[in-house]
Each structure stands twice: as C-alpha cells, then as structure tokens.
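Enquirer: Here is my input; please provide its structure:
(4 chains)
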Protein chains: 2
Amino acid sequence: MSDTGPRPSGENLLFLTDEQLSKGIEAMFFAYRGFTADPDRILAEKGYGRAHHRAIHFINRSPGTTVNNLLSILGVTKQSLNRVLRTLIEDGLVESHVGSRDRRERNLNLTDAGRHLEHELSTAQRERMRGAFRSAGPEAVSGFRMVLEAMMDGDMRRHYKRLKESG
Amino acid sequence: MSDTGPRPSGENLLFLTDEQLSKGIEAMFFAYRGFTADPDRILAEKGYGRAHHRAIHFINRSPGTTVNNLLSILGVTKQSLNRVLRTLIEDGLVESHVGSRDRRERNLNLTDAGRHLEHELSTAQRERMRGAFRSAGPEAVSGFRMVLEAMMDGDMRRHYKRLKESG
DNA sequence: TTGGAATGTCAACAAGGCTGACATAAAGTT
DNA sequence: AACTTTATGTCAGCCTTGTTGACATTCCAA
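Expert: Numbers count the residues shown, from 1 in each chain, chains lettered A, B, ... in the order given. Take a look at the predicted model:
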C-alpha cells in the first residue's frame, strides 16, 4: 500500500509512484494560491472576499441565472450565498428580478458596476493564466485541462461542461 | 482589452482568447473542489479542517521542520498556525521538540498516530490524482505540472521546487 | 549586556462556511 | 378549492480559519 518504488499502472503504461502523485498534490496547492492571489488583492481593497468573486463570476458567465442554479454550481448553502448576494445587490453590483416563466425564481444579472468589477477581477486572473499558458506551451495547456477535468467530481464536471459549451 | 476573437501571442504562436482563459479559470475552480473533497470528508469525521491537513502534510514532507518554515510555506499568520498546531499536539498527532542547534526553534514531527492520519488523507487524495493522471495520460500529466508551476508565485515556486528535489 | 529573532499566548474581530427554524409566494397536484 | 412542493429569503447561532495588536519568554549574537 505504501511501497516507494515505481510500478506499472497496467492500463496505459503510466508509472505513477506515490512520490510523483504527491508532487502533483503540492503543485495543485501552491498553484491555487497563485491562482487566487491577484483577485484577492483587488477584492480586499473593496471589502469583498472570494465568495463575492465566485458569485460575480458565475452570474457574469450565465446572465439571468437563478439562485438555485448558482447554489448548485457553488456548492454552498443558500444562507451563505444569500449573505453574499444581499451585499452585492445592496452595493448595486447585482440586480435581482422576479422570474418571467416562474415567478418564484429570481433572475440574477450584473449591473454596469458589477460588470466593471468582474472585468477587473477576471482580467487580473486571466493575465496570470495567460502567462502560465504561454510559458508552458500549447500542448501543456491541453494536458492541464485534461487532468483538471478528470479530477472533478461528477456534478462539477457537468457544470464545467455546460459552461464550456455555452461559452 | 476585451475583444473576443482569437489573436496571436506573438511569442510562441499560442492563440489565447479570453474565452479559453476563462475555461482554464473555471477548470481550476471546479478541479480544486474535487481535489479537496476526499480529504475534507475524512477530516470532518475527526473534527479537523483543511488547515490541519495542510500542517500535517508539510510536517510529514519535511520532518523536523520549524514553525517559521511552516509559516512561510503555508502563508498564514503564526497565530493561525499555532492554533492548529496546538490542537494537533494536544491530540497527540504532532510532536514539538526544542531545536538542537537553535533552542528557540521547535522541531515538528508526526507521531505514529499523526503518520496514520496523514497516510489516510494522502492515500485518498493520491487515489483521486492517480485516477485523473491515468485517464488523462502521461503527456497530459507533464503539461499539467508545467502549467501549474508557471502559475505559482515566486515564493511558492521556491518552496515547491525545494520539496520536489528533497522528495 | 543589550538588541533582535523565534516562538508562544491572550484577546478581539471578520469572513464565510454550517444547521435549524420559519415565512412567503408561486406553482403543481389531487 | 385544498393541499403539497418548490424557490427564495431571513433570523439566530455555531464553527473554522483567517486577521491585527499586544506582550512574555527564551536565547543567539554583536
């Protein structure tokens, strides 16, 4: 269970030692820090946190989305999300309108101010991603996405693919 | 700044649209959720959180490490780390010994119980990583690591490489 | 011996998770 | 029409994990 030497996977000739896997784990940990670092700085200036960023990101990505859909993407409780949404609506970054087909629902959209902050955040994060993609090269980018997609839970992969197609 | 069509990078012929970069961003977000899901379940059963996991992981990776080194790897305040370390020491998962060269320092090590929990956590996380690596293939794994390494901040990349070499 | 570094501890606070309970409106079902 | 379910919002309270600030201790080094 915890031998250290290399061994064949038997499936596709991949030799995956615990050591190699641990390096992948540490790579994820350190990279995620970099991934969030730039938006975190911008958010901190304005008194927001990562939770606000996530809400803004996915509302921007699926304009008119409902609270329930956002809940299932973000994987938090409605109380948590509601606290964040309330401040964003109060601050005039997000608009909430009663749904047209189903009036129990709320359709969420960014205001101009919301789109402005979204752009600021996503630009910073994209620049980091662009730098990483450029320095690693196109083949690496494809591998990066394949591994990440394979690492997702089923529900999250569903959301990911849906957004990928719609985008 | 926000045009949508493809455009040349001019450096290595990579065409990186904002859309492609956004997909990379979402891939990171959803994949990180999967990355932490299995350890989170185990930790929750035992009343610990991710902060405990991180401490246990890096103490295991660098036995005898000091508090200061851990602080710089984890990027939190000593008060935050200390709270976590205190519970781990009280629970008998971590040992803290006065340093030999410098007796102001504390050398941190896992106890047998600590190693046991570490193994349980890392096995779960490695299995997820192994599955992702296998399904994506060896070239994808190499690309995955290149992109992640390029995404890190300088300090984190230093820590990452040091651990990679020592491992 | 004095200054600074490494560590630990106390207190207070905030963000952002969580659960549970309850309210309301709208839609669906019988 | 009556009832149930769904979508949302809200209140209260709790936990983890981050923060800052203040202060004590220990001990290396100049």
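Enquirer: burial of the residue of chain A found nearest DNA strand C, as a residue count?
Expert: For chain A and DNA strand C, the shortest gap (CB to the nearest atom of the strand) falls at A:Gly49, measuring 1.3 Å. Glycine gets a C-beta too; all of them are placed from N, C-alpha and C. Neighbour count of A:Gly49, defined by other CB atoms under 10 Å in any protein chain shown: 12.
Enquirer: check contacts around it.
Expert: Counting by CB atoms under 8 Å, 6 or more residues apart in numbering or on different chains, A:Gly49 makes contact with A:Leu43.
Enquirer: Quick check: the gap between it and A:Val84.
Expert: According to CB to CB, to the nearest Å, A:Gly49 stands 8 Å off from A:Val84.
Enquirer: In terms of helices and strands, where is A:Asp102?
Expert: Under the criterion DSSP states H and E, no helix or strand holds A:Asp102.
Enquirer: how much space is there between it and chain B?
Expert: Note on A:Asp102: its distance to chain B, by CB to the nearest CB, to the nearest Å, is 27 Å.
Enquirer: same thing with A:Gln79?
Expert: Note on A:Gln79: its distance to chain B, by CB to the nearest CB, is 19 Å.
Enquirer: Tell me if stretch A:19-33 is near chain B.
Expert: Yes: judged by CB under 8 Å from any CB of the partner chain, stretch A:19-33 and chain B are in contact via A:19, A:21-33.
Enquirer: Ignoring the adjacent residues along the chain, who's closest to the one residue sitting closest to the centre of chain A?
Expert: By CA atoms, centre = their mean, chain A has its centre lying nearest to A:Arg54, at 6.8 Å. What sits nearest to A:Arg54 in space, not counting adjacent residues and going by CB to CB, 6 or more residues apart in numbering or on different chains, is A:Leu74, at 5.8 Å.
Enquirer: Could you verify my assumption that the one you found touches A:His52?
Expert: No: using CB atoms under 8 Å, A:Leu74 makes no contact with A:His52, being 11.5 Å away.
Enquirer: Look at these two and report which has more neighbours.
Expert: Higher neighbour count among A:Leu74 and A:His52: A:His52, with 22 against 19, using other CB under 10 Å.
Enquirer: Closest one to DNA strand D out of the residues of stretch A:19-33 next to chain B, please.
Expert: Closest approach between the residues of stretch A:19-33 next to chain B and DNA strand D, by CB to the nearest atom of the strand: A:Arg33, at 10.6 Å.
Enquirer: State whether A:Gly47 is indeed within a strand.
Expert: No: applying DSSP: H, G, I helix; E, B strand; the rest coil, one finds A:Gly47 to be coil, outside a strand.
Enquirer: any idea how far it lies from B:Tyr160?
Expert: For A:Gly47, the distance to B:Tyr160 - CB to CB - is 32 Å.
Enquirer: More neighbours: which of the two?
Expert: Legend: neighbour count by other CB under 10 Å for A:Gly47 and B:Tyr160, higher for B:Tyr160 (21 against 9).
Enquirer: Now name the helix or strand holding the more buried one.
Expert: Here B:Tyr160, judged by DSSP H and E, is contained in helix B:154-166.
Enquirer: which residues are in contact with that helix?
Expert: Under CB under 8 Å, 6+ apart, the answer for helix B:154-166 is A:23, A:26-27, A:30-31, A:33-34, B:61-62, B:72-73, B:75, B:149, B:152.
Enquirer: would you put the C-alpha positions of it in CSV?
Expert: Taking Å, rounded to 0.1, in the frame of the first residue of the first chain, the C-alpha atoms of helix B:154-166 are listed here in CSV:
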residue,chain,number,x,y,z
GLY,B,154,7.8,33.1,-6.9
ASP,B,155,7.9,32.3,-3.2
MET,B,156,5.6,29.3,-3.6
ARG,B,157,7.6,28.1,-6.6
ARG,B,158,10.7,28.2,-4.5
HIS,B,159,9.0,26.0,-1.8
TYR,B,160,7.6,23.7,-4.5
LYS,B,161,11.0,23.1,-6.1
ARG,B,162,12.7,22.6,-2.8
LEU,B,163,10.2,19.9,-1.8
LYS,B,164,10.4,18.4,-5.3
GLU,B,165,14.2,18.0,-5.0
SER,B,166,14.2,16.7,-1.5
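Enquirer: Give me the buried stretch members for that helix, please.
Expert: B:156-157, B:159-160, B:163 (16 or more other CB atoms under 10 Å in any protein chain shown).
Enquirer: Smallest gap between chain A and chain B, at which residue?
Expert: A:Gly143 (2.5 Å; CB to the nearest CB).
Enquirer: That residue: what's its closest spatial neighbour, skipping adjacent residues?
Expert: In space, and not counting its chain neighbours, A:Gly143 is closest to B:Gly143: 2.5 Å by CB to CB, 6+ apart.
Enquirer: what's near enough to touch that neighbour?
Expert: Counting by CB under 8 Å, 6+ apart, B:Gly143 makes contact with A:136-137, A:139-144, A:146-147.
Enquirer: Just those: which are in helices?
Expert: Among those, the ones falling in helices (DSSP state H) are A:136, A:139-144, A:146-147.
Enquirer: Quick check on those residues: which are buried?
Expert: A:136, A:140-144, A:146-147.
Enquirer: Flag the shaky bits of chain A, pLDDT-wise.
Expert: By pLDDT under 70, the weakly predicted segments of chain A are A:1-14, A:167.
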